[in-house]
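# here's a sequence, model it:
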Amino acid sequence: MAGKSPQQMLTRAIELHRLGRLGQAAGLYRQLLRALPRQPQALRNLGAILLGQGDHRAAAELLAEAIAAGVDDHVTHYNRALSLQELGELAASVASYDRALALEPLLVPAHYNRANALLAAGRHPEAVTGYEAALAAQPGHIGAWRNRGEALLALKRWAEAAGSFEQAAKLAPDLAAAHAGLGSALLSARQYAAAERSLRRAITLDDADARVLCNLATALVELGQPEAAVPAYARALALSPGYPFLEGQLMLTKLRLSDWSGFEGHCAGVRAGLAARQPVTPPFAVLAISDSTEEHSRAARLWADAWFPPDHSLGPIGDRPPGSRIRIGYFSADFHEHATMHLMAEFFELHDRTRFEPYAFSFGPDTRDSMQTRVSSCFERFIDVRAMGDRDVARLAREIGIDIAVDLKGYTTDARPGIFACRAAPVQASYLGYPGSTCSGCIDYLIADRTVITAETEAYYEEEIVFLPGSYQVNDSTRTVSGGEAQRADLGLPESAVVLCSFNNNYKITPTIFDLWCRILSGSEGTCLWLLASTSAAEANLRREARARGVEEERLVFARKLPHGEHLSRLSAADLFLDTFPCNAHTTASDALRAGLPVLTLAGESFASRVAASLLRAVDLPELVTFTPEDYERTALELAADTNRLLALRTRLAENREKSTLLDTRRFTQGFESALTKMHEPHQRRESQRPSV
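Numbering: from 1, shown residues only. Below is the predicted model of the structure:
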């Protein structure tokens, strides 16, 4: 191009550009820019070429120079926005999209990609608005429908998210991502059967997506099909060995089935991952296999960091004029016929309403059963927040003026930790639902006792511990045992046997504790082991495992689930409750003690392994707390061989129970209310010390 003028060079470069001869065009643009570094069109067009070639940093810089040189058209701003978006500079990208749209308001790709940048930045409400702007201009935009669903999912607006994904699936029936998103929304909305159908359709279209397989497995677990969930989790893990929290989830699901294949490998993988601070397991799964408080806390911290980091979007909580009563918010999915309410119902009834103003924030099912009817009348307001996102629930709690938010779920099924990440109240506390630290940085206090949390383990808890007098576990003294004395023949139990039982969920039965039980059975003639049959697969697996340990399978007797009162009644047919380890019986242990059945426990280091010890001390039976597997086995064998000693224990339990702190709900309530006051006082002092305006 020797002898050509700059204008001729530019004209030729533009011609080559239009013909798609991009390498030659780029060369000419560069040659021109060496002579005229601020030539606007050369900067603009070379930036566009580099954008197409994936050199986003150079493209963004050239396009910025073009704009500085006077270029102000929507295409240049749009291209720069795309480059910045690819570079992860999302705020700057959104600003460039805004300028492009100011110049060309109907530019659908700008609306769509701007919304994508907002979605990536976690600015979900703005992303929804952006997708809706794109759809207003182009109603058939499949990507906008699909990604709007993703933004709504993040906002926990399940029904709207499902509708958005459904529209994407109608427009593109073979788009796996649309069916996958619809399944995810339906799963979150607890529409498990519909979720399964959508997720299976997604897998038919693309069977190599670990996220979809995990969601399908979760739906199957909720539908009572854990056997079908295991292969879905296993395939997901095979496809994506580092998929977050999957190793522990697969392990826990297999434990629910008493399927111990690969158990040692799963445990080793979980422990190695935790040691390396990798997100390998939900925290709840670790409770079942580890007695290490350090491992429990590490798993909880990884979970909180991944899913529930502190959300400051609502800003600081405004001052509330001191009132005559402290407003307490109880947050749970369990305000219905559930183990938590079996413990807490009378406590709610006894709450001192002259000093406290209790509110229930329910994100569980609207069952309208007798328990829900009973407890809902105990609150100033019983608020159904199922359909609200975490941020909206926190905002509502702030508007009501909740002083202390009490999380009754922690990291158990149907928990909503995101509410507390948004700071629902000036003071936030964890109680009862989860036996350990949430390590979220959002929970200020953990309510416990000095048995479940020892001086040696307190350092592993991020929350400040509030110790209750006696056992931390509340109980309802009004609960009654239904029916008369249980008859062994009606329950399938041998009349003359010493009946050892454990009604814990299957996931708490590890190979190690089952080894102990089988040695106890082998060492004591005339005994049988009475267990809860959660599934037919679990029953078959436990029978097989017993045979492998030399125990006749007929010495295992399986009980079906019964209404709670009837279950309490049948416990009297047993002679001794054998606790699990490292995760003890919790409500199940207090049920046994209420029914007059002694509990033999093995206490370890962790909160989860010391709950039964706390309950036994409350009924003054400390001799049933053991601290080594050998002591546990020896004590069980001694008791199984001495029916007089078992009878004496039952007599003592019956005498102690009625005068124990365990069933003195009024006394417990007073102690709990003192704890609430203690938690509120520092905040109250801080408020009173604020300078007046």
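# which SSE is residue 17 in?
helix 6-18 (DSSP states H and E).
# using CSV, write down the CA coordinates of that helix.
Taking Å, rounded to 0.1, in the frame of the first residue of the first chain, the C-alpha atoms of helix 6-18 are listed here in CSV:
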residue,chain,number,x,y,z
PRO,A,6,-4.6,7.3,5.0
GLN,A,7,-8.1,7.6,3.6
GLN,A,8,-7.3,5.2,0.8
MET,A,9,-5.8,2.7,3.3
LEU,A,10,-8.9,3.0,5.5
THR,A,11,-11.2,2.6,2.5
ARG,A,12,-9.4,-0.6,1.4
ALA,A,13,-9.3,-2.0,4.9
ILE,A,14,-13.1,-1.5,5.3
GLU,A,15,-13.6,-3.2,1.9
LEU,A,16,-11.5,-6.2,3.0
HIS,A,17,-13.3,-6.2,6.3
ARG,A,18,-16.7,-6.5,4.5
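# please identify the buried residues of that helix?
Residues of helix 6-18 classed as buried: 9-10, 12-14, 16-17 (neighbour count, 16 or more other Cβ atoms under 10 Å). Every residue, glycine included, has its C-beta placed from N, CA and C.
# okay, those residues in CSV with pLDDT and distance to residue 157 next?
Formatted as CSV, the buried residues of helix 6-18 follow (pLDDT from 0 to 100; distance: Cβ to Cβ, whole Å):
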residue, pLDDT, distance to residue 157
9, 88, 55
10, 92, 51
12, 93, 54
13, 89, 50
14, 93, 48
16, 93, 50
17, 93, 45
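# and the residues you listed as CSV, adding distance to residue 444?
Formatted as CSV, these follow (distance: Cβ to Cβ, whole Å):
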residue, distance to residue 444
9, 68
10, 66
12, 70
13, 64
14, 64
16, 66
17, 62
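# can you give me the helices in the stretch 451-600 of the chain?
488-491, 511-522, 536-548, 564-570, 587-594 (DSSP state H, counting those that start in this stretch).
# could you give the angle of the third one to helix 511-522?
Angle between the axes of helix 536-548 and helix 511-522 is 60 degrees (criterion: axes from the mean of the first three to the mean of the last three Cα atoms, to 10 degrees).
# start the count at 264, not 1, going forward
Let's use 264 as the start, then, which means that last one is helix 799-811.
# which other residues reach helix 799-811?
Applying Cβ atoms under 8 Å, 6 or more residues apart in numbering, the contact partners of helix 799-811 are 489-490, 519-523, 769, 772, 774, 777, 781, 784, 794, 796, 815-816, 818-819, 821.
# which of those residues count as buried?
Applying 16+ other Cβ under 10 Å to the contacts of helix 799-811 flags 489-490, 519-523, 769, 772, 777, 781, 784, 794, 796, 818-819, 821 as buried.
# element containing the residue nearest the centre of the chain, please.
When Cα atoms, centre = their mean is applied to the chain, the residue found nearest the centroid is residue 674 (4.9 Å). For residue 674, there is no host helix or strand (DSSP H and E).
# residue 910: neighbouring residues, count only.
11 (other Cβ atoms under 10 Å).
# secondary structure element holding it?
Using DSSP H and E, residue 910 maps to helix 906-922.
# quick one, phi psi at the residue nearest to the centre of the chain?
phi -120, psi 40 (degrees, to the nearest 10).
# which non-adjacent residue is nearest it?
Once flanking residues are discounted, residue 674 sits nearest to residue 546: 4.9 Å by Cβ to Cβ, 6 or more residues apart in numbering.
# ok so residue 668 is a strand residue?
Yes: assessed by DSSP: H, G, I helix; E, B strand; the rest coil, residue 668 belongs to a strand.
# can you tell me which residues contact the residue nearest to it when sequence neighbours are not counted?
Computed as Cβ to Cβ, 6+ apart, the closest residue to residue 668 that is not its neighbour in sequence is residue 688, at 3.8 Å. By Cβ under 8 Å, 6+ apart, residue 688 lies in contact with 580, 592, 660-661, 665-668.
# check residue 721 too.
For residue 721, the contacting residues are residue 728, by Cβ under 8 Å, 6+ apart.
# change it to 10 Å
Residues in contact with residue 721 (Cβ atoms under 10 Å, 6 or more residues apart in numbering) are 556, 709, 711, 713, 727-728, 730.
# measure it to residue 703 for me?
18 Å (Cβ to Cβ, to the nearest Å).
# please apply the same query to residue 360.
34 Å.
# so which of those two has more stuff around it?
Higher neighbour count among residue 360 and residue 703: residue 360, with 30 against 26, using other Cβ under 10 Å.
# so, low pLDDT: which residues of the chain?
264-266, 746, 948-956 (pLDDT under 70).
# would you map out the domains in it?
The chain breaks down by automatic domain parsing into domains covering 589-730, 751-926.
# and the end-to-end length of the first one?
Right, the one you point to is domain 589-730. Using Cα to Cα, to the nearest Å, one end of domain 589-730 lies 20 Å from the other.
# need the contact list for residue 698.
For residue 698, the contact set (Cβ under 10 Å, 6+ apart) comprises 547, 550, 559, 673, 675, 709, 711, 715-716, 735, 846-847, 849, 869-874.
# the same query, at a cut-off of 8 Å, please.
Counting by Cβ under 8 Å, 6+ apart, residue 698 touches 550, 715, 849, 869-871, 874.
# what of residue 544?
508, 510-512, 514, 533, 536-537, 562.
# can you tell me, leaving aside adjacent residues, what's nearest to residue 852?
residue 875 (4.4 Å).
# pretty sure residue 376 sits against residue 342.
No: here residue 376 lies out of contact with residue 342, judged by Cβ atoms under 8 Å, at a distance of 10.8 Å.
# where do the strands sit along the stretch 614-763 of the chain?
Here the stretch 614-763 of the chain has its strands, by DSSP state E, counting those that start in this stretch, at 619-625, 644-647, 667-670, 690-693, 708-711, 727-730, 761-765.
# what is the orientation angle of the longest helix seen in the chain with strand 619-625?
Looking across the chain with DSSP state H, the single longest helix is helix 928-951. Taking the same axes, to 10 degrees, one finds helix 928-951 and strand 619-625 inclined to each other by 100 degrees.
# helices or strands next to helix 928-951 in the packing?
Packing partners of helix 928-951 (3 or more Cβ pairs under 8 Å, 6 or more residues apart in numbering; DSSP states H and E): strand 589-595, helix 602-613, strand 667-670, strand 690-693, strand 708-711, strand 727-730.
# by contact count, what packs against the first one?
Helices and strands touching strand 589-595, as assessed by 3+ Cβ pairs under 8 Å, 6+ apart, comprise strand 619-625, helix 653-663, strand 667-670, helix 928-951.
# paired strands for the shortest one, with orientation please.
Using DSSP bridges, the neighbouring strands of strand 667-670 in the sheet come out as strand 589-595 (parallel), strand 690-693 (parallel).
# starting at the chain centroid, how far to the shortest one?
What separates the centre of strand 690-693 from the centre of its chain is 17 Å, taken as Cα atoms, centre = their mean, to the nearest Å.
# could you report the neighbour count for the closest residue to residue 459 other than its chain neighbours?
Nearest residue to residue 459, sequence neighbours excluded (Cβ to Cβ, 6+ apart): residue 482, at 4.6 Å. Other residues near residue 482 come to 28 when the count uses other Cβ under 10 Å.
# host element of residue 482?
Here residue 482 is assigned to helix 473-485, by DSSP H and E.
# thinking again about what came up before, helices and strands around the helix holding residue 910, which ones?
Partner elements for helix 906-922 (3+ Cβ pairs under 8 Å, 6+ apart): helix 850-857, helix 892-903.
# quick one: contacts of the first one?
Put plainly, it is helix 850-857. Against helix 850-857 from outside (Cβ under 8 Å, 6+ apart): 602-603, 605-606, 736, 738, 742, 744, 766-767, 830-831, 834, 840, 842, 848, 861-862, 864, 874-875, 878-879, 882, 916, 920, 925-926.
# and residue 848, how far is that from residue 821?
Relative to residue 821, and taking Cβ to Cβ, residue 848 is found at 17 Å.
# which one of the domains of the chain lies closest to residue 570?
Of all the domains of the chain, domain 589-730 sits nearest to residue 570, with 7.3 Å by Cβ to Cβ.
# that concludes my questions; thank you for your assistance.
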